[in-house]
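>>> starting from these lines, generate the structure:
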Amino acid sequence: MAEPVYVTDALIAEDIDAYLARHQHKTMLRFITCGSVDDGKSTLIGRLLYDSKMIFEDQLAALETDSKKVGTQGQEIDFALLVDGLAAEREQGITIDVAYRFFSTESRKFIVADCPGHEQYTRNMVTGASTADLAVILIDARKGVLTQTRRHSYLCNLIGIRHIVLAVNKMDLVGYDQAAFDAIVDDYRHFAASIGIGEFTAIPISGFKGDNITGPSGNTPWYRGASLIEHLEGVALDSSADQSRPFRMPVQWVNRPNLDFRGFAGLVSAGTLRPGDAVRVLPSGKTSTVARIVTLDGDLDVAVAGQAVTLTLADEVDCSRGDVLAAADQPPEAADQFEATLVWLADEPLHVGRGYWLKLGTQTVSATVQQPKYTVNVNTLDQLAAKTLELNAIGVAELATDRPLVFEPYAESRTLGGFILIDKLTNATVGAGMLNFALRRAQNVHWQALDVTREAHAALKSQKSAVLWFTGLSGSGKSTIANLVEKKLHALGHHTFLLDGDNVRHGLNKDLGFTEADRIENIRRVGEVAKLMADAGLIVLTAFISPFRAERDMVRSMLPAGEFVEVFVDTPLEVAEARDVKGLYKKARSGQLKNFTGIDSPYEVPHMPELRVETVREDSEMAAERIVDYILGKRSDMWMPTI
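Coordinates of the predicted model:
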């Protein structure tokens, strides 16, 4: 039952402004609790909230009631219920989602993230750890170091958390035995050294009983160190280290309320800045000097890391969201090819070669990931060969972006080194990553300026470039219709070229199979070839199943607006299978041909194709004529006056 002396801070109810003012200038520590399932993470946080007097009367009454109904501690208060808010969590007695809670003491404010212990929720743990300054890794004193203890410790070190507390919990269940505590600490120290954790603080605790949480416990007279709260209050934050680094500020927003003001708003991620300092806009490289540092409370004489400010510059320079303002004499790099460490967060595995949105700070670019160099077995630290990344996998891979990305290695900057990958179709976050370094070839390979432009190539042929992308099931009639369209355009005097799926696999793509990864690479290569041909002024026709929308959209994005024309040859599966000119459906049905589109591999129907051909309603000749009419009608400027 609750202690009768339990009283919250009366100032909260009496004078909220005074309460907020008292806490305004306290430092803030963000930390996470993690470890294996049922190590007592939620109970510990509940105890911290309880002991810091952060629970109100109605919450305490509800806690007492819920503890009797769904608690796991008999008739006593189950502190875990303060944090485990989901119905599924309370029913199973586990943590599923990341729960954030605020509490404070006389000397510091805290935001704690309770991270789930189950392996299938490792992605949730990564989310909670991404902003943490410190990690409390709990170990059940009865069980010792477990797989998830190793996994979470590895992730904490990988993400860059340098302050580690090893909280050996449930000491009451082993009789507060010092030998049990020492054995666990020695075991963990050996593992920690192997993954690069040089220092950590070990504390014997009981989250349920309160031993060594807010003060020393009489049950552990052999422990002379600080209690958990005392240690959390005394940890030095890294803000001073950020301030000593060169100035960096990703631009979040261009603030232009009227014609007389244009400022660049953002959070200073590193360094200090004063009016008159020289800054460089990246990736363009343009330079200027700071005119004003503007805030809601007035102009500042200096801005430091961690402050949100608006900067005005002395010169009119091109700068927008996604650019980075940096110290002019110490700018970060910009590159488009990197080695990165990835943590895969999605149920669907990584599609090698597929385009994903990469978001780093305020920058968003399109990125493709190559086949991983290796994945890491967290238990053994072995580097294992892998063709892709599955849910919760950790691996190292090379990636390329469609334009230069302003970055710093993650080891130097979380802000300019940490990123997420977003699926372009679902907008789901599928991966989190850390940039290790730019590939040398990214600095050695540059675009060569050419005097004869793509427009000049097309003008010489008296036409405009275009890519007609025929997509549909095998046997739908793509190649037949594309061939007829090319013949008609050729007869009209247009310069064309037809790229056919089967023909390309005899040469350029003969090394590719029909797995999902190979299909993605097949379309990427064809898209690049089609783009080069369009650059040469040709009207390019392609006939490929191209089953995935993401890859068709990738090719569309390679070309100027209006040049990509998607032609969906819509033939029902049963009709295409009945035709089966090449006997492929029969082989697929018998199991002789794997990953065949429509049978055991999906086809994603275009949502908004420029043209749709229903072959059960019109024959190939009619369809070809309609496509030519569409192209020449829609693109009335297809013919150009001869130079």
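
>>> identify the bridge partners of Leu134.
Counting by DSSP bridges, Leu134 is bridged to Phe31, His163.

>>> I'd say it and Leu232 touch.
Yes - if you go by C-beta atoms under 8 Å, Leu134 and Leu232 touch, sitting 7.2 Å apart. Quick note: C-beta positions are derived from backbone N, CA and C, even for glycine.

>>> who touches both of these two?
Shared contacts of Leu134 and Leu232 (C-beta atoms under 8 Å, 6 or more residues apart in numbering): 29, 31, 165.

>>> and the pLDDT for the first one?
What it means is Leu29. Per-residue confidence (pLDDT) for Leu29: 90.

>>> what residues does the helix or strand harbouring it touch?
Per DSSP states H and E: Leu29 is located in strand 27-35. The contact list for strand 27-35 (C-beta under 8 Å, 6+ apart) reads 41, 44-45, 108-115, 117, 125, 128-129, 131-139, 148-149, 152, 156, 161, 163, 167, 232, 235, 237.

>>> pull the distance from it to the chain's centre.
Taking C-alpha atoms, centre = their mean, to the nearest Å, one finds strand 27-35 lying 21 Å from the centre of the chain it belongs to.

>>> cool, stretch 151-158 as well?
17 Å.

>>> cool, and stretch 525-532?
28 Å.

>>> same thing with stretch 209-225?
In terms of C-alpha atoms, centre = their mean, the centre of stretch 209-225 is set 41 Å apart from its chain centre.

>>> next, the distance between the ends of that stretch.
18 Å (C-alpha to C-alpha, to the nearest Å).

>>> where's the residue nearest in space to the middle of the chain, which helix or strand?
Nearest to the mean C-alpha position of the chain, by C-alpha atoms, centre = their mean, lies Ile420 at 1.6 Å. Using DSSP H and E, Ile420 falls within strand 418-422.

>>> send me that strand as CSV with only the CA atoms.
Taking Å, rounded to 0.1, in the frame of the first residue of the first chain, the C-alpha atoms of strand 418-422 are listed here in CSV:
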residue,chain,number,x,y,z
GLY,A,418,22.8,9.8,-38.3
PHE,A,419,19.9,9.1,-40.7
ILE,A,420,16.8,7.2,-41.3
LEU,A,421,15.6,5.4,-44.4
ILE,A,422,11.9,5.8,-45.5
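
>>> Gly175 and Gly562, how far apart?
Separation of Gly175 from Gly562 (C-beta to C-beta, to the nearest Å): 77 Å.

>>> so where do the helices sit in the stretch 351-500 of the chain?
Chain-ordered helices for the stretch 351-500 of the chain, with DSSP state H, counting those that start in this stretch as the definition, fall at 414-417, 440-444, 454-460, 478-491.

>>> the longest one packs against which elements?
Helix 478-491 makes packing contacts with strand 466-471, strand 496-500, helix 501-504, strand 539-543, strand 564-570, helix 620-634 when contacts are defined by 3 or more C-beta pairs under 8 Å, 6 or more residues apart in numbering; DSSP states H and E.

>>> what pLDDT is listed against Ser620?
If you check Ser620, the pLDDT there is 92.

>>> nope, Val98 is what I was after
64.

>>> Phe102 too?
The model's pLDDT for Phe102 equals 81.

>>> how about the nearest residue to it, chain neighbours excluded?
Once flanking residues are discounted, Phe102 sits nearest to Ile111: 5.5 Å by C-beta to C-beta, 6 or more residues apart in numbering.

>>> surely the one you found is in a strand?
Yes - under DSSP: H, G, I helix; E, B strand; the rest coil, Ile111 falls within a strand.

>>> quick one: contacts for it?
28-31, 100-102.

>>> so how far is Thr401 from it?
From Ile111 across to Thr401, the span is 32 Å (C-beta to C-beta).

>>> for Arg274, same thing?
From Arg274 to Thr401 the distance is 33 Å (C-beta to C-beta).

>>> what's the answer for Ala180, then?
According to C-beta to C-beta, Ala180 and Thr401 sit 51 Å apart.

>>> do I have it right that Ala135 meets Gly160?
No - applying C-beta under 8 Å, one finds Ala135 not in contact with Gly160, separated by 10.6 Å.

>>> name the helix or strand for Pro349, please.
Under DSSP H and E, no helix or strand contains Pro349.

>>> apart from its chain neighbours, what residue comes closest to it?
Once flanking residues are discounted, Pro349 sits nearest to Thr388: 4.6 Å by C-beta to C-beta, 6+ apart.

>>> now the angle between strand 564-570 and the longest helix anywhere in the chain, please.
Ranked by residue count, the top helix of the chain under DSSP state H comes out as helix 516-535. For helix 516-535 against strand 564-570, the angle by axes from the mean of the first three to the mean of the last three C-alpha atoms, to 10 degrees is 130 degrees.

>>> alpha carbons of stretch 503-512, in PDB - could you do that?
In PDB, the C-alpha atoms belonging to stretch 503-512 read as follows (Å, rounded to 0.1, in the frame of the first residue of the first chain):
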ATOM      1  CA  ASN A 503      16.900  -9.000 -75.300                       C
ATOM      2  CA  VAL A 504      18.600  -7.000 -72.500                       C
ATOM      3  CA  ARG A 505      19.100 -10.200 -70.500                       C
ATOM      4  CA  HIS A 506      21.200 -11.700 -73.300                       C
ATOM      5  CA  GLY A 507      23.900  -9.000 -72.700                       C
ATOM      6  CA  LEU A 508      23.800  -6.100 -70.300                       C
ATOM      7  CA  ASN A 509      21.900  -8.000 -67.600                       C
ATOM      8  CA  LYS A 510      22.900 -11.600 -68.400                       C
ATOM      9  CA  ASP A 511      24.400 -11.800 -64.900                       C
ATOM     10  CA  LEU A 512      21.100 -11.200 -63.200                       C
END
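
>>> alright, that wraps it up for me.
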